[in-house]
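Peer 1: Quick one, structure for this:
(2 chains)
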Number of protein chains: 2
Amino acid sequence: MLIDKNIYEFVKLLASREPVPGGGGAAALVGAIGVALGSMVGNLTVGKEKYKEVEAEIIGILESAGSLQARLLDLVDEDARVFGKVAGVYKMPKDTEEEKKKRNEAMQQALKEACGVPLKIIELSYEAIKLHRRLADIGTRLAVSDVGVGVLCLKAALLSGRMNVLINLNGITDEEFVKNTTDYMERICSEALAIAGETYEKVENILKK
Amino acid sequence: MLIDKNIYEFVKLLASREPVPGGGGAAALVGAIGVALGSMVGNLTVGKEKYKEVEAEIIGILESAGSLQARLLDLVDEDARVFGKVAGVYKMPKDTEEEKKKRNEAMQQALKEACGVPLKIIELSYEAIKLHRRLADIGTRLAVSDVGVGVLCLKAALLSGRMNVLINLNGITDEEFVKNTTDYMERICSEALAIAGETYEKVENILKK
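Peer 2: Numbers count the residues shown, from 1 in each chain, chains lettered A, B, ... in the order given. Reported below is the predicted structural model:
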């Protein structure tokens, strides 16, 4: 499993010409780092007298963030698995017409499946960005810069997921699938970017006071 | 060492209320991930007949990227070391006037030192962003989305470094230090963001063709 590798080895493998991890796995990991920072802020807030009134809400945020973190980390390896399928199709023979047809069908199937992981990264990053919006309001002020770093990482994960969906869509011939996927993705990204921008500005204003 | 931890453990520790790793270490790691993606694109480009003309330049980019990756990974642990100093000062006694004075002087010193790591993250991310600008032009088209993901991670690392400098500057009373650090940082960030934005748009236009 990729997430069992140590940081140094993971980054070294990412930099190499090995097929995985690639941009998809990197996006999932950066998303997990982002949501983990939200959890850190939550964990530094609970148990403080000053934040007693919001404690129950923070505990709810911590539960959601923990689940998002686990799911994003799972996607690091899931992306590698799905990418392996695409790579497998590239190696299929294409000498006869029948082989070409079979290979093309398999490729379409593999590319559609390969859109699933980055779309999931986009959805989970969006959920995590919403948690950070709330943490910028109710989390401990001592760690407000970490809410900012968290939301920056999540925005990078979201847009990285979008890059990966776009490159897969480029190879897909099913126009309806391309249109539906693009519309869905752009709607989530646009909502998420608005909330991320608002949260980042809020943090920046607090830091610059 | 933090970078000897496996991915799963590192993210778990980041999410906890443990003092390190925090936003600074996360920023350095996300920067290392970003520049590693640039190396991946370089490594997938060299040795290809189609890119023979740019091979020497790509090899130069790979050398620079490798050095930036190593330095960013070092900063994950360096940030923890420097943060430990600040945390140590917080524990100093502050009962008498003399203790207060001594504690305040130590705090000013520790906070100034703590600005150094995120400033380094900003400088190194800026260098890495410039490498990605070039990779978007001459790197293999098959991995162009990874140039996009790389530059998104580096932008997040850069602005995360900025968040961490800002929160440290908040506690520093030496106005000249605050002004000089802010001016220097904002100049680099503004140049870096312009190049990152230009590179991201270039990648997006290639993907949407």
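
Peer 1: hey, let's count contacts and neighbours off CA atoms from now on
Peer 2: Fine.

Peer 1: biggest helix in chain A, by residue count?
Peer 2: helix A:97-138 (DSSP state H).

Peer 1: for the closest residue to chain B within chain A, phi and psi?
Peer 2: Proximity of chain A to chain B (Cα to the nearest Cα) peaks at A:Asn6, 3.6 Å away. For A:Asn6, the backbone dihedrals are phi -80, psi 160 (criterion: degrees, to the nearest 10).

Peer 1: do the same with A:Pro21
Peer 2: Dihedral angles of A:Pro21 (phi, psi; degrees, to the nearest 10) stand at phi -70, psi 160.

Peer 1: Might one say that it is in contact with A:Leu14?
Peer 2: Yes - using Cα atoms under 8 Å, A:Pro21 is in contact with A:Leu14, at 5.4 Å.

Peer 1: hmm, the longest helix of chain A touching chain B?
Peer 2: No - against chain B, helix A:97-138 shows no contacts by Cα under 8 Å from any Cα of the partner chain, the least distance being 11.8 Å.

Peer 1: Summarise which helices and strands that helix is packed against.
Peer 2: Judged by 3 or more Cα pairs under 8 Å, 6 or more residues apart in numbering or on different chains; DSSP states H and E, helix A:97-138 is in contact with helix A:23-45, helix A:55-90, helix A:144-169, helix A:175-208.

Peer 1: Count the residues that sit near the nearest residue to A:Ala70 once chain neighbours are set aside.
Peer 2: Nearest non-adjacent residue to A:Ala70, counting by Cα to Cα, 6 or more residues apart in numbering or on different chains: A:Ala32, 7.7 Å away. A count of nearby residues for A:Ala32, using other Cα atoms under 10 Å in any protein chain shown, gives 34.

Peer 1: Pull up the gap between A:Ala32 and A:Lys208, please.
Peer 2: A:Ala32 sits 27 Å away from A:Lys208, going by Cα to Cα, to the nearest Å.

Peer 1: And for A:Ala70?
Peer 2: Distance of A:Ala70 to A:Lys208, computed by Cα to Cα: 34 Å.

Peer 1: Those two: which is more packed in?
Peer 2: A count of neighbours by other Cα under 10 Å puts A:Ala70 above the other of A:Ala70 and A:Lys208, at 16 against 11.

Peer 1: Now do the residue nearest in space to the middle of chain A, the pLDDT please.
Peer 2: With distances taken as Cα atoms, centre = their mean, A:Ile121 lies nearest the centre of chain A, 3.2 Å away. A:Ile121 is assigned 98 on the pLDDT scale.

Peer 1: OK, contacts around it?
Peer 2: Residues near A:Ile121 by Cα atoms under 8 Å, 6 or more residues apart in numbering or on different chains: A:Ala27, A:Ala28, A:Gly31, A:Leu72, A:Leu75, A:Ala157, A:Leu158, A:Gly161.

Peer 1: and the spatially closest residue to A:Leu169 that is not a sequence neighbour, how many residues sit next to it?
Peer 2: Nearest residue to A:Leu169, sequence neighbours excluded (Cα to Cα, 6+ apart): A:Val178, at 6.1 Å. Residues lying near A:Val178 (other Cα under 10 Å) number 18.

Peer 1: How about the one 4 residues further on?
Peer 2: Around A:Thr182 sit 15 other residues, with neighbours defined as other Cα under 10 Å.

Peer 1: Check the gap between it and A:Val46 for me.
Peer 2: 40 Å.

Peer 1: swap in A:Thr173?
Peer 2: Relative to A:Val46, A:Thr173 is positioned 51 Å away (Cα to Cα).

Peer 1: Show me which of these two is the more surrounded one.
Peer 2: Neighbour count, other Cα under 10 Å: between A:Thr173 and A:Val46, A:Val46 has more, with 21 against 10.

Peer 1: My guess is that one contacts A:Ile58. True?
Peer 2: Yes - assessed by Cα under 8 Å, A:Val46 is found in contact with A:Ile58 at 7.0 Å.

Peer 1: coming back round to it: pLDDT value on the residue of chain A closest to chain B, please?
Peer 2: The score at A:Asn6 is 97. That number is its pLDDT.

Peer 1: ok, now the one 5 residues further on?
Peer 2: Predicted confidence (pLDDT) for A:Val11: 98.
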